[in-house]
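Chemist: Kindly generate the corresponding structure for this input.
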Amino acid sequence: MNRASRRPLWIAGLLATALLVMLILALAGTPAISPARLLDPAFTGSADGRIFWQLRLPRVLLGFLAGAALAIGGMVFQAMFRNPLATPFTLGVSTGASFGAAVAVKLGLVTGLLGFSSVSLFAFLGAALTVGVIYLLATVKREFSTEVMLLAGVALSFLFSSAILLVQYLSDFTGSYQMVRWLMGDLNAVGFERPLQLAAVLLPGALVVRWLCLDLNLILVGDDFARSRGVDVRRVRLVLFGVVSLLTGVVVSFCGPIGFIGMMVPHILRLLLGAEHRWLFWGSLLGGGVFLACCDWVARGLIFPAEMPVGIITALLGGPFFLWLLIRGRSSRYFM
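Modeler: Down below sits the predicted model:
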């Protein structure tokens with residue numbers, strides 16, 4: 001059985017694993033909840049029921065949705081740049097969002113809008129500002145240049161990182177601690193409001209990416225080849241860039257900058273499923289969601305009763321993986 005014929009089995013296995021893992025993660029913890037109790041009519045009103053429905057399950061869902069969005073973004077950018085190290089975070093979107101959040105903390109803003117906190121709103125505005133600047137720089141010569149976009153993203157990332165340090169330096173101890181804590185990543189959720197808000201953005205964005213997966217396959221072969229097959233390369237790249245940047249900005253505004261998900265998950269799944277993005281899309285969505293939910297579960301229990309930020313766990317895993325990619329070297333076969 002070749003790799004192409006195994007793809008449906010991999011996706012079915014990932015789907016079954018995702019559902020099972022999400023249930024286990026919501027039940028596991030202190031106190032542990034027996035699966036049989038879910039069938040008890042009195043469970044919902046009990047203390048364990050409130051923990052399950054108001055704390056654990058919303059947090060697992062938020063982690064799954066955030067991980068799925070970041071993995072899809074990594075899949076798209078790795079294909080667009082033909083580079084396994086490329087992620088939306090490479091373009092400075094997360095750093096711009098972090099700067100916006102730091103400004104909100106420094107100003108002491110507490111009033112939100114439409115159910116979103118001021119920190120989340122300013123983080124999204126920072127991400128949107130970064131995307132807008134990168135787009136203007138990339139299209140300054142009326143051509144959508146991925147090289148210019150990448151260099152602009154790196155430059156803006158350094159610029160916003162310096163600005164964040166300046167805001168921290170000018171803040172008091174409490175404000176500085178809040179900034180540092182937010183920059184480590186956080187999946188806290190009480191109730192289903194935040195997961196539903198994230199799902200409202202993720203679902204249409206994911207559908208657009210899935211719709212353009214065939215065009216992405218052709219672009220991966222080469223721009224000239226894609227144009228010969230009737231693909232508007234500039235339009236496809238522009239749409240994918242906008243959608244992925246939007247997804248990343250929303251995730252960062254909700255959960256903080258959680259790194260390496262968009263690099264590790266698509267890379268591993270591309271090795272398993274191949275570079276056919278119509279299958280890789282589903283693998284990245286399911287694999288990224290499960291991976292981040294599991295990392296958050298580890299972060300919750302590793303130093304119990306205290307809680308470790310999930311960004312630390314992903315960085316501890318992603319750092320060695322990044323070095324492994326550098327040592328292994330890039331191969332054109334990776335994208336075939």
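Chemist: quick one: low-confidence ranges for the stretch 101-250 of the chain?
Modeler: 110-115, 141-146 (pLDDT under 70).
Chemist: all helices in it, in order from the N-terminus.
Modeler: Per DSSP state H, counting those that start in this stretch, the stretch 101-250 of the chain carries helices over the ranges 118-138, 146-170, 173-183, 193-211, 213-221, 223-228, 233-255.
Chemist: Select, out of these, the one closest to residue 57.
Modeler: helix 193-211 (8.9 Å; C-beta to C-beta). C-betas here are computed from N, CA, C, even on glycine.
Chemist: Next, the angle helix 233-255 makes with the closest one.
Modeler: 160 degrees (axes from the mean of the first three to the mean of the last three C-alpha atoms, to 10 degrees).
Chemist: one step back: need the helices of the stretch 101-250 of the chain in JSON lines with mean neighbour count, can you?
Modeler: Output for the helices of the stretch 101-250 of the chain, formatted as JSON lines (neighbours: other C-beta atoms under 10 Å):
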{"stretch": "helix 118-138", "mean neighbour count": "21"}
{"stretch": "helix 146-170", "mean neighbour count": "16"}
{"stretch": "helix 173-183", "mean neighbour count": "15"}
{"stretch": "helix 193-211", "mean neighbour count": "17"}
{"stretch": "helix 213-221", "mean neighbour count": "19"}
{"stretch": "helix 223-228", "mean neighbour count": "13"}
{"stretch": "helix 233-255", "mean neighbour count": "23"}
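Chemist: Turn those into a markdown table, including distance to residue 35.
Modeler: Converted to a markdown table, the helices of the stretch 101-250 of the chain look like this (distance: least, C-beta to C-beta, whole Å):
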| stretch | distance to residue 35 |
| --- | --- |
| helix 118-138 | 34 |
| helix 146-170 | 44 |
| helix 173-183 | 34 |
| helix 193-211 | 21 |
| helix 213-221 | 36 |
| helix 223-228 | 49 |
| helix 233-255 | 28 |
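Chemist: quick one: which of those is nearest residue 297?
Modeler: Nearest to residue 297, of the helices of the stretch 101-250 of the chain and by C-beta to C-beta, is helix 233-255 at 15.0 Å.
Chemist: Show me how far the closest one is from its chain's centre.
Modeler: Centroid separation for helix 233-255 versus its chain: 11 Å, with C-alpha atoms, centre = their mean, to the nearest Å.
Chemist: cool, stretch 151-159 as well?
Modeler: From the chain centre to the centre of stretch 151-159 is a distance of 19 Å (C-alpha atoms, centre = their mean).
Chemist: same thing with stretch 140-160?
Modeler: Remark: stretch 140-160 is offset 21 Å from the chain centroid, using C-alpha atoms, centre = their mean.
Chemist: From the rest of the structure, what touches it?
Modeler: The contact list for stretch 140-160 (C-beta atoms under 8 Å, 6 or more residues apart in numbering) reads 80-81, 86, 90-93, 95-96, 98-99, 126, 130, 133-135, 137-139, 234, 237-238, 241.
Chemist: For residue 41, which of the helices of the stretch 101-250 of the chain is the nearest?
Modeler: helix 193-211 (24.9 Å).
Chemist: between that closest one and helix 213-221, how many degrees?
Modeler: Using the same axes, to 10 degrees: helix 193-211 against helix 213-221 is 60 degrees.
Chemist: what packs against helix 193-211?
Modeler: Contacts defined by 3 or more C-beta pairs under 8 Å, 6 or more residues apart in numbering; DSSP states H and E place helix 193-211 against helix 57-81, helix 233-255, helix 277-301.
Chemist: Run the angle between the shortest one and helix 146-170 for me.
Modeler: Put plainly, it is helix 233-255. Using the same axes, to 10 degrees: helix 233-255 against helix 146-170 is 20 degrees.
Chemist: next SSE after helix 233-255?
Modeler: helix 261-273 (DSSP states H and E).
Chemist: For that following helix, give the mean pLDDT please.
Modeler: Across helix 261-273, pLDDT averages out at 87.
Chemist: what does that helix rub up against?
Modeler: Under C-beta under 8 Å, 6+ apart, the answer for helix 261-273 is 3, 7, 10-11, 67, 70-71, 73-75, 77-78, 84-85, 87-89, 248, 279-280, 283-284, 287-288, 291-292, 314, 317-318, 321-322, 325, 334-335.
Chemist: Show the buried residues in these.
Modeler: 7, 10-11, 67, 70-71, 73-75, 77-78, 84, 87-89, 248, 279-280, 283-284, 287-288, 291-292, 314, 317-318, 322, 325, 334-335 (16 or more other C-beta atoms under 10 Å).
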